[in-house]
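S.K.: coordinates only, sequence not included:
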């Protein structure tokens with residue numbers, strides 16, 4: 001919740017930069033109160049285990065956001081990763097490192113088996129971030145997301161846990177403590 005002011009300023013400064021990639025947002029979203037409301041929803045979803053929200057920091061300052069969304073348990077043990085980095089930090093490895101750290105949370109902290117991601121087919125920078133983190137392109141989802149005024153195709157990526165052996169439902173440490 002303490003990041004609401006920083007996020008509002010960052011979203012405001014990067015609104016045009018993010019427009020091609022983000023859903024249409026009401027003007028209130030870019031305010032401190034709008035970010036407080038958004039963060040409250042994220043905190044509630046975190047409390048129920050549905051997601052893991054994070055901010056991306058560079059030298060202690062908020063530089064973007066990253067989330068592990070739609071955490072599914074049971075036989076799936078999966079989630080989706082979503083992220084963005086402010087224009088000032090793009091192309092400097094910041095998103096690559098943020099995704100690497102989020103994968104540690106997903107696989108080691110949450111014990112998930114798979115992390116999935118979608119990128120617009122023309123978002124080559126985000127695809128490089130995923131590929132540098134060991135994601136594999138699976139295919140293309142036609143007209144998958146409506147952003148920037150129209151439907152866009154997206155590439156679908158996946159990354160399996162390093163402990164995946166094709167059999168185990170949970171990581172080795174989790175199995176030994178059960």
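M.R.: That came in fine, so what should we check first? It should be emphasised that the depicted structure is a prediction, and the values quoted were computed from it without experimental measurement.
S.K.: the spatially most central residue of the chain: which element?
M.R.: The chain has residue 82 as the residue nearest its centroid, 2.0 Å off, counting by Cα atoms, centre = their mean. Residue 82 belongs to strand 78-85 when assigned by DSSP states H and E.
S.K.: elements contacting that strand?
M.R.: strand 52-58, strand 61-72, helix 94-104, strand 114-120 (3 or more Cβ pairs under 8 Å, 6 or more residues apart in numbering; DSSP states H and E). Where you see a C-beta, it was placed from the backbone N, CA and C, and this is true even at glycine.
S.K.: kindly recompute the last result at 7 Å.
M.R.: Under the contact definition 3 or more Cβ pairs under 7 Å, 6 or more residues apart in numbering; DSSP states H and E, strand 78-85 sits against strand 61-72, helix 94-104, strand 114-120.
S.K.: check these for me and report the most buried one.
M.R.: Highest mean neighbour count of the helices and strands packed on strand 78-85: strand 114-120, a mean of 21 (counted as mean count of other Cβ atoms under 10 Å).
S.K.: chain center to it: distance?
M.R.: On the basis of Cα atoms, centre = their mean, to the nearest Å, strand 114-120 is displaced by 8 Å from the centre of the chain it belongs to.
S.K.: show me what it is packed against.
M.R.: Against strand 114-120 (3+ Cβ pairs under 7 Å, 6+ apart) you get strand 78-85, helix 124-132, strand 150-160.
S.K.: can we see that at 10 Å?
M.R.: strand 61-72, strand 78-85, helix 94-104, helix 124-132, strand 136-147, strand 150-160 (3 or more Cβ pairs under 10 Å, 6 or more residues apart in numbering; DSSP states H and E).
S.K.: avg pLDDT for that strand?
M.R.: For strand 114-120, mean pLDDT rounds to 97.
S.K.: quick one, it and strand 150-160 angle?
M.R.: Between strand 114-120 and strand 150-160, the angle comes out at 150 degrees (axes from the mean of the first three to the mean of the last three Cα atoms, to 10 degrees).
S.K.: note down every partner strand of strand 114-120 and its orientation.
M.R.: strand 78-85 (parallel), strand 150-160 (antiparallel) (DSSP bridges).
S.K.: helix or strand with the lowest mean pLDDT in this protein?
M.R.: helix 172-176 (a mean of 66; mean pLDDT, DSSP states H and E).
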